[in-house]
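**Student:** this one's structure only:
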């Protein structure tokens, strides 16, 4: 458990929230996580203990493992996206199925609208891609109810994909995004950590799901199969939280042998999963390639969504994106090298935005360009990164009593920094603060490499130029002063 590696629980004080809009805060000292000598079903049980000080008399305090994100909040967010004048033309919400308790599980479709909203809305049923010429990207989250950070990541990703940025507009023109933001609504509503109301871990049911016991998985798989037949699903991505490891990382599936053969022959390299990992490394300061397992098929994972999508459904780019429930240990702050920085709520949302930028980079470059970019990084797949990280992470907690300032590229979803889920400590403000410097460096490098004026790059949708600029800056990172380069800020 990460509670033995620096993680703190979260607490929300109603008095502090009423007085100063303070949200969830990391709290606790003398934190211990240990075996308690008891067993259940042959497995050892553990105890978490910690000391907390209550600052206010007659207060009501709530404790949480991670920043809460409820089913009710999801409904509010989906309604807001559907009704926003910015996004309502290209975002459509439809029911996927009912759970075992009768709760509605919804699917969100995001794609460019080529006709009237009425016609487009009628074509946005879960099994329709609305345009057979567009490939499908399938995204899901919250199959494990306790991993609430995956919902915040999905919230940031939806905010990006539905937004007005040029990157998002381009993605909507070439892809249909089918999104199931909450695969296990029953578990979320009833406080389960990993299972649904029948006691099943839904992420172990993808191979042979039951329509009665695992309806959301059964219908999600059927949806993918229909889409694969109609127009091809080119990517499957399932968002998760991780309780043992730090950082943001990927789990993939075995890599085709043709990739290495083509690479050594300097031939056209086929589209393969590892290249997307490099795109994510370029777009997100949270991402750790050394923590990722790109080509391994672990025992016991055969029935997960990622593996079934790859093996049974034929989706080559199939992976799980995992974010630590705690934080990052890639910090290289001036005072403490390798210091642990716990994530704030906004950091998880920023990861969703970063995933959107990675999709834009990945979709905008040819396979040869993507492989050349990874070669310029001089980082073999699967090798530890070590000191490759810049000083991108530093302790930057928000001042108590003040909601954290937020910046988003879309701005469609309400800023809820004053609400209970906001607050905590994180490194996101530092990365966002570097945006102006990073953008100027990227624009200048891209313009120089293309032999054009900076203004042309700023108005261009050719992401291969920005990708080459990113690569050059990463290689030249030692010459930069301090945390001047934050790749997560490319889109700003």
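**Tutor:** Yep, it's here. Note that the coordinates shown come from a computational prediction; the quantities given were computed from them, not determined experimentally. Numbers count the residues shown, from 1 in each chain.

**Student:** longest single helix anywhere in this structure?
**Tutor:** helix 345-364 (DSSP state H).

**Student:** Packing partners of it?
**Tutor:** helix 149-161, helix 166-174, helix 273-283, strand 317-324, helix 428-433, helix 463-475 (3 or more C-beta pairs under 8 Å, 6 or more residues apart in numbering; DSSP states H and E). In short, each C-beta sits where N, CA and C put it, glycine included.

**Student:** what's the least confident stretch among those?
**Tutor:** Among the helices and strands packed on helix 345-364, helix 428-433 carries the lowest mean pLDDT, a mean of 40.

**Student:** backbone phi and psi for residue 62, please?
**Tutor:** Dihedral pair for residue 62: phi -120, psi 140, per degrees, to the nearest 10.

**Student:** roughly how far apart are it and residue 152?
**Tutor:** 17 Å (C-beta to C-beta, to the nearest Å).

**Student:** what about these two, which has more around it?
**Tutor:** residue 152 (28 against 12; other C-beta atoms under 10 Å).

**Student:** Quick one, grab the pLDDT at the nearest residue to the more buried one once chain neighbours are set aside.
**Tutor:** Counting by C-beta to C-beta, 6 or more residues apart in numbering, the nearest residue to residue 152 once its immediate chain neighbours are dropped is residue 348, at 3.7 Å. Residue 348 carries a pLDDT value of 97.

**Student:** What's the local residue count around residue 108?
**Tutor:** Should you count by other C-beta under 10 Å, residue 108 turns out to have 25 residues around it.

**Student:** Return the set of residues that bridge with the nearest residue to residue 54 once chain neighbours are set aside.
**Tutor:** By the measure of C-beta to C-beta, 6+ apart, the closest residue to residue 54 outside its immediate chain neighbours is residue 61, 6.3 Å from it. Beta-bridge pairing of residue 61 under DSSP bridges involves residue 13.

**Student:** Surely residue 61 touches residue 10?
**Tutor:** No - using C-beta atoms under 8 Å, residue 61 is not in contact with residue 10; the gap is 10.6 Å.

**Student:** Would you mind telling me which of the two has the busier surroundings?
**Tutor:** For residue 61 and residue 10, the more surrounded residue by other C-beta under 10 Å is residue 10, and the numbers stand at 23 against 15.

**Student:** thinking again about what came up before, next one: the residue nearest to residue 54 relative to residue 110, how far apart?
**Tutor:** Here the distance between residue 61 and residue 110 works out to 38 Å (C-beta to C-beta).

**Student:** next one: residue 277
**Tutor:** 23 Å.

**Student:** in its sheet, what does the host helix or strand of residue 240 sit against?
**Tutor:** Under the criterion of DSSP states H and E, residue 240 resides in strand 233-242. For strand 233-242, the pairing partners within the sheet under DSSP bridges are strand 135-141 (parallel), strand 317-324 (parallel).

**Student:** end to end, how far does stretch 99-106 reach?
**Tutor:** The first and final residues of stretch 99-106 sit 11 Å from each other (C-alpha to C-alpha, to the nearest Å).

**Student:** and residue 205, what does it touch?
**Tutor:** Listed by C-beta atoms under 8 Å, 6 or more residues apart in numbering, the contact partners of residue 205 are 213, 214, 217, 303.

**Student:** contacting residues for the nearest residue to the third one once chain neighbours are set aside?
**Tutor:** Spelled out, that is residue 217. Leaving out its chain neighbours, the residue that sits closest to residue 217 by C-beta to C-beta, 6+ apart is residue 209, at 4.2 Å. Taking C-beta under 8 Å, 6+ apart as the definition of contact, the neighbours of residue 209 are 217, 218, 221.

**Student:** Closest one to residue 285 out of these, please.
**Tutor:** Ranking the contacts of residue 209 by separation from residue 285, with C-beta to C-beta as the measure, puts residue 217 on top at 33.2 Å.

**Student:** pLDDT value on the residue nearest to residue 214 when sequence neighbours are not counted, please?
**Tutor:** Leaving aside its sequence neighbours, residue 214 sits nearest to residue 205 (C-beta to C-beta, 6+ apart; 4.5 Å). Per-residue pLDDT puts residue 205 at 96.
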